[in-house]
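Asks: next come a sequence and a model predicted from it.
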Amino acid sequence: MGEIVLAAKVTHVPTMYASEQDGPLKGCRAQAIDSHRRMGELARAAGADTFVVFDTHWLVNAGYHVNANAVFKGRRKRLEGGAARERFVIPPALANVLVDGGIFKISSTFNELVDRMVLDMWVEGRIAEFLEMLPDHARHCSGEGGMHDTAMLFGALGWDRYTGRGQLLCDYFPSSGTGQVNVMFTLPESGACVARVSAASG
């Protein structure tokens, strides 16, 4: 089946696009974007040739699914004379509404406190304890898709047999009512973000 060479819980909020554009939101997500770039560097250095994304963001499907691409090339357009970049234009008036309207807030103090407790558990390697509380977390907090993406991530890592720990790659931050962060997960054997996947587990 191959190897998982990098496993991470990754933020993908729309303000990351706005952060790269000129205007009042420019740079607001620089730390998260920089940590995405760092994960890409680490994945390439580890020999990654395929990226598998466990995501429950679009809950319009009948069930949950794994998005995968047979060949990793990214979203790039080539034009004569160099690469062209897609631009997302955020009008200043809209940016002010986004900022004033709570885009930099978390909707619930309870959710934020639980998020921060979970991050501490991951960093401390208390994964089995986290997995025991995951059903309650999904029921009482507002995790995306009932936390199914997190369940799939830990399933790929071996569920309660996984004994690694999380590494925070950026500060926890609020976005559109939710808490966001980039966390990579290690394996204790190597101390790096590498996990073997056996044929029996797939």
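Replies: Cool, got the structure.
Asks: residue 11 versus residue 36, what's the distance?
Replies: 8 Å (C-beta to C-beta, to the nearest Å). For every residue, glycine as well, the C-beta is placed using N, CA and C.
Asks: where do the contact lists of these two overlap?
Replies: residue 182 (C-beta atoms under 8 Å, 6 or more residues apart in numbering).
Asks: give me the below-cutoff pLDDT ranges for the protein.
Replies: 1, 55-102, 187-202 (pLDDT under 70).
Asks: which residue ranges of it form helices?
Replies: 15-19, 30-45, 92-100, 109-124, 127-140, 148-156 (DSSP state H).
Asks: so what does the first one touch, helix or strand wise?
Replies: Spelled out, that is helix 15-19. Secondary-structure packing of helix 15-19 (3 or more C-beta pairs under 8 Å, 6 or more residues apart in numbering; DSSP states H and E): helix 30-45, helix 92-100.
Asks: follow-up on the earlier one: of residue 36 and residue 11, who's got more company?
Replies: residue 11 (23 against 19; other C-beta atoms under 10 Å).
Asks: ignoring the adjacent residues along the chain, who's closest to that one?
Replies: residue 180 (4.0 Å; C-beta to C-beta, 6 or more residues apart in numbering).
Asks: now do the contacts for that neighbour.
Replies: Taking C-beta under 8 Å, 6+ apart as the test, what residue 180 contacts is 11, 13, 32, 172-174.
Asks: do that again at 7 Å, thanks
Replies: If you count contacts by C-beta atoms under 7 Å, 6 or more residues apart in numbering, residue 180 has them with 11, 13, 32, 173.
Asks: can you name the two of the residues you listed that are farthest apart?
Replies: The most widely separated members of the contacts of residue 180, counting by C-beta to C-beta, are 13 and 173 (8.9 Å).
Asks: tally of neighbours for residue 111?
Replies: 18.
Asks: do I have it right that it meets residue 144?
Replies: No. Using C-beta atoms under 7 Å, residue 111 makes no contact with residue 144, being 11.6 Å away.
Asks: tell me the buried residues within the contacts of residue 180.
Replies: 11, 13, 32, 173 (16 or more other C-beta atoms under 10 Å).
Asks: name the nearest residue to the second one, sequence neighbours excluded.
Replies: By the measure of C-beta to C-beta, 6+ apart, the closest residue to residue 13 outside its immediate chain neighbours is residue 175, 4.2 Å from it.
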